[in-house]
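Engineer: next one to model:
(chains A, B, C, D, E and F)
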There are 4 protein chains.
Amino acid sequence: MRAAPMAPDDRRAQLLGAARAVFARRGYHAAGVADIIAEAGVARGTFYNYFPSKRAVFAAVLDAVMAELDRAVRPIDVAEPIGPQVRDNFLRVVRALTDPEVTRLLFAEAHGLDAEADEALRAFYEGAVARVSRALHTGRALGIVRDGDLDLTARCLLGMVKEPAIEAALAGESLDAARLVDEILRILTEGMLRLDPRAS
Amino acid sequence: MRAAPMAPDDRRAQLLGAARAVFARRGYHAAGVADIIAEAGVARGTFYNYFPSKRAVFAAVLDAVMAELDRAVRPIDVAEPIGPQVRDNFLRVVRALTDPEVTRLLFAEAHGLDAEADEALRAFYEGAVARVSRALHTGRALGIVRDGDLDLTARCLLGMVKEPAIEAALAGESLDAARLVDEILRILTEGMLRLDPRAS
Amino acid sequence: MRAAPMAPDDRRAQLLGAARAVFARRGYHAAGVADIIAEAGVARGTFYNYFPSKRAVFAAVLDAVMAELDRAVRPIDVAEPIGPQVRDNFLRVVRALTDPEVTRLLFAEAHGLDAEADEALRAFYEGAVARVSRALHTGRALGIVRDGDLDLTARCLLGMVKEPAIEAALAGESLDAARLVDEILRILTEGMLRLDPRAS
Amino acid sequence: MRAAPMAPDDRRAQLLGAARAVFARRGYHAAGVADIIAEAGVARGTFYNYFPSKRAVFAAVLDAVMAELDRAVRPIDVAEPIGPQVRDNFLRVVRALTDPEVTRLLFAEAHGLDAEADEALRAFYEGAVARVSRALHTGRALGIVRDGDLDLTARCLLGMVKEPAIEAALAGESLDAARLVDEILRILTEGMLRLDPRAS
DNA sequence: CATGAATGAGGGTTCATTCAT
DNA sequence: AATGAATGAACCCTCATTCAT
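Structural biologist: Numbering: from 1, shown residues only, chains lettered A, B, ... in the order given. As a prediction, the model looks like this:
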């Protein structure tokens, strides 16, 4: 049975979506082009009319996911109250990571694929760190952020967000984004340890 | 050239070591049994005398690495000063994660292999979370840890440690463990954000 | 962009020309229908409106080339001086073979394609041999050609012409047709070896 | 059914032979690795234990055939009578070319495969031309060979030998080597044309 | 115990051809 | 008449695993 012809952009988008679902479900290596075309209801050759290789669709999927995540972060307007804006950014990122597809693709499948994928991922991550780091420097100038090794701090921040999201996604549990964000914000604002509570 | 016979345990250990090095260097999928036996200087058949499959060696390697990491955490003696003990635990964990082999194996290669590997990893991780969580509950009872969702907090803590370690390992950079630990401890004790600096 | 409709014969000729260029440039197997339609600036389906298969265009191209070569040979008029007519025939053939397209198509690509192509080629070649052979018999009757196995001689003659032409074409060198023809004629008239120079 | 293990050199030779037969019979493109392993009675993987690719076996086959042909030509000892040595060389070459496998492989399949194969072939052919050309120069010094463009002459000579051999092989006819050589030698020593038989 | 030749299922990719528009 | 998206059979190659020596 021959699938009805389709505008190339649409077909491409459809294949991209199918690939995204399949890669998220089975992982890069376990997924075959056969799975993707089955998901899309399309013949083998059709796939290769739109992507030159399995590796290439994966790259495209990864790009889409990274862009999605990227869009979750909005610049902060210092003329407005800062707190809610920060909280909203956290919230949007966590919500994006709440999609198990996003998380699996970014964190479970993409590492160690090949030099190129690793590089794309590292570039994305470096960008994220740089972005957070810049925000922290701005915050310090505004007196909002305490001094310290802000690059390292940025990485820690990302870890606090990523880790719970990943684990929830991989475990198949759902994650209460607001709760996580509030917990993180509390740690960031108040700390959570009193190692030497000798202070009267 | 026929390798000298060897005590089975030694041969097994040798193969395990070779596999660990190879998996860390090339990743699970890129590594072939051929690489492992080349590294070990042993024939193909010999490998299968000690491990039933490639998958199985990887599981064994993973077990070894997880055990190693596990040993980095020591129970806390409440009769002694807490602070240094906590710091030392952090330090030992970060140092263990400083070994790029450990990090690559645990975080870059192990995810998404198959259901069984995912399960082993998740079990390990759940154990870690549980352990930290228990420590936090104890700490709360002692008045050292502030109240809150301690499970979530445990995950955030792990993220703060893992993330910088992973990134350093994957980027091939070295990581100053003491510096990272101190930064983390400062965040945990003092926080780092003053979102509403209304405080006169 | 839709190409303007065209008289069928013209379109066919255009496609034939494109195919000839492409086959000569890339060889039968390396050339794709995609190359041909790109060369012709025409859509895929259009191609199949004029030729039933890739194999078929190649056959048509081959026919055209063989006909071209065939036209290079003119019957000899015994009422006129023979020498110049022979020389002119040689010259026209060599000049035709000087076109690298012709040579590549006939000698480098056409062999071993499939039974049918081989047959067409062999038929063409047999025709050529027969033609030369007939000329030699006539020559013998006229006392111009020495006796011998004239069929074999005809094949040798063809080889003397083909070989240098092919090699020049494949090597991308140009060939001095007149020089080759003169050399061949000298060999044919005078020989070139004196194996037993005992002749006092 | 598992083929009995075999000394690697033997298996390689067997595969080479099978490949040679298959390539000669079906041509490079029509022949599949499947045909070769069927001919050899061996599994797919075995083939790739000995040759890295289909292309590579073909190269090996070609090398073998070229070497075989090369061995047919023996240096001429000027202290001995020249004539018979020359004749024997011709004879051995023609006999080698009498094997249809050799001829098909060298002349029908090898051209136009890819740049590398073309180069190997051209190098072989250039070598042959150079060899013949050198012999002719020597012969001229000895007064055996008449003056002229000896490079071109060398090419013509090769053509006289190749052409009848190829055609016989492709047509499936057998060729009387001695007869061909004698005919060629007669042409070379006496010529065969008397274009201006004015000589009373 | 050790060896290494043999295996073959599995997967990615190509490209001549078809047919709905 | 022209188009170009869709097709799928065919093919090359990989590599974990087996087993006879």
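
Engineer: the domain parsing of chain A - what is it?
Structural biologist: Residue ranges of the domains in chain A are recorded as A:8-51, A:58-190, according to automatic domain parsing.

Engineer: the first one and DNA strand E, any residue contact?
Structural biologist: So that's domain A:8-51. Yes: Domain A:8-51 reaches DNA strand E (Cβ under 7 Å from any atom of the strand) through A:31-34, A:44-45, A:48-49. Any C-beta I mention is one placed from the backbone N, CA and C, and that applies to glycine too.

Engineer: and for whichever residue of chain A sits closest to chain C, the neighbour number?
Structural biologist: With Cβ to the nearest Cβ, the shortest gap between chain A and chain C falls at A:Asn49, namely 11.8 Å. Neighbour count of A:Asn49, defined by other Cβ atoms under 10 Å in any protein chain shown: 13.

Engineer: where's it relative to A:Ile36, distance?
Structural biologist: 13 Å (Cβ to Cβ, to the nearest Å).

Engineer: who touches both of those two?
Structural biologist: Common contacts of A:Asn49 and A:Ile36 (Cβ atoms under 8 Å, 6 or more residues apart in numbering or on different chains): none found.

Engineer: scan chain A for its longest helix.
Structural biologist: helix A:115-141 (DSSP state H).

Engineer: where exactly do the helices run in chain A?
Structural biologist: Going by DSSP H, chain A shows helices at A:8-26, A:33-40, A:44-50, A:54-71, A:82-98, A:100-103, A:115-141, A:150-171, A:177-190.

Engineer: quick one: stretch A:36-55 near DNA strand F?
Structural biologist: Yes: Stretch A:36-55 reaches DNA strand F (Cβ under 7 Å from any atom of the strand) through A:42-46, A:48-49.

Engineer: out of the helices of chain A, which one sits most buried?
Structural biologist: Compared across the helices of chain A, helix A:150-171 shows the largest average neighbour count, a mean of 23 (mean count of other Cβ atoms under 10 Å in any protein chain shown).

Engineer: relative to the whole chain's centre, how far out is it?
Structural biologist: 10 Å (Cα atoms, centre = their mean, to the nearest Å).

Engineer: check contacts around the most centrally placed residue in chain A.
Structural biologist: Nearest to the geometric centre of chain A sits A:Leu69, at 4.8 Å (Cα atoms, centre = their mean). Residues counted as contacts of A:Leu69 (Cβ under 8 Å, 6+ apart) are A:93, A:96-97, A:102, A:106.

Engineer: is it true that A:Ala169 touches A:Ala96?
Structural biologist: No: if you go by Cβ atoms under 8 Å, A:Ala169 and A:Ala96 don't touch, sitting 11.2 Å apart.

Engineer: quick check: neighbours shared by those two?
Structural biologist: Joint contacts of A:Ala169 and A:Ala96 (Cβ under 8 Å, 6+ apart) are A:Val102.

Engineer: still on that earlier bit, give me the angle between the longest helix of chain A and helix A:54-71.
Structural biologist: Here helix A:115-141 points in a direction 10 degrees away from that of helix A:54-71 (axes from the mean of the first three to the mean of the last three Cα atoms, to 10 degrees).

Engineer: residues from chain A in reach of DNA strand E?
Structural biologist: Contacts of chain A with DNA strand E, taken as Cβ under 7 Å from any atom of the strand, map to A:2, A:4-5, A:31-34, A:44-45, A:48-49, A:52-55.

Engineer: could you rerun that using 6 Å?
Structural biologist: Residues of chain A that fall close to DNA strand E, judged by Cβ under 6 Å from any atom of the strand: A:4-5, A:32-34, A:44-45, A:48, A:53-55.

Engineer: low-confidence ranges, chain A, go.
Structural biologist: A:112, A:196-200 (pLDDT under 70).

Engineer: that older thread, out of the residues of chain A next to DNA strand E, which is nearest to DNA strand F?
Structural biologist: The closest of the residues of chain A next to DNA strand E to DNA strand F turns out to be A:Gly45 (Cβ to the nearest atom of the strand; 1.5 Å).

Engineer: hang on, A:Ala21 packs against A:Glu101?
Structural biologist: Yes: A:Ala21 is within contact range of A:Glu101, at 7.0 Å (criterion: Cβ under 8 Å).

Engineer: A:Pro75 is in contact with A:Arg131, correct?
Structural biologist: No: checked against Cβ under 8 Å, the pair A:Arg131 and A:Pro75 is beyond contact range at 9.5 Å.

Engineer: ok, A:Met1 to C:Ile187 distance?
Structural biologist: Following Cβ to Cβ, the distance that separates A:Met1 from C:Ile187 is 68 Å.
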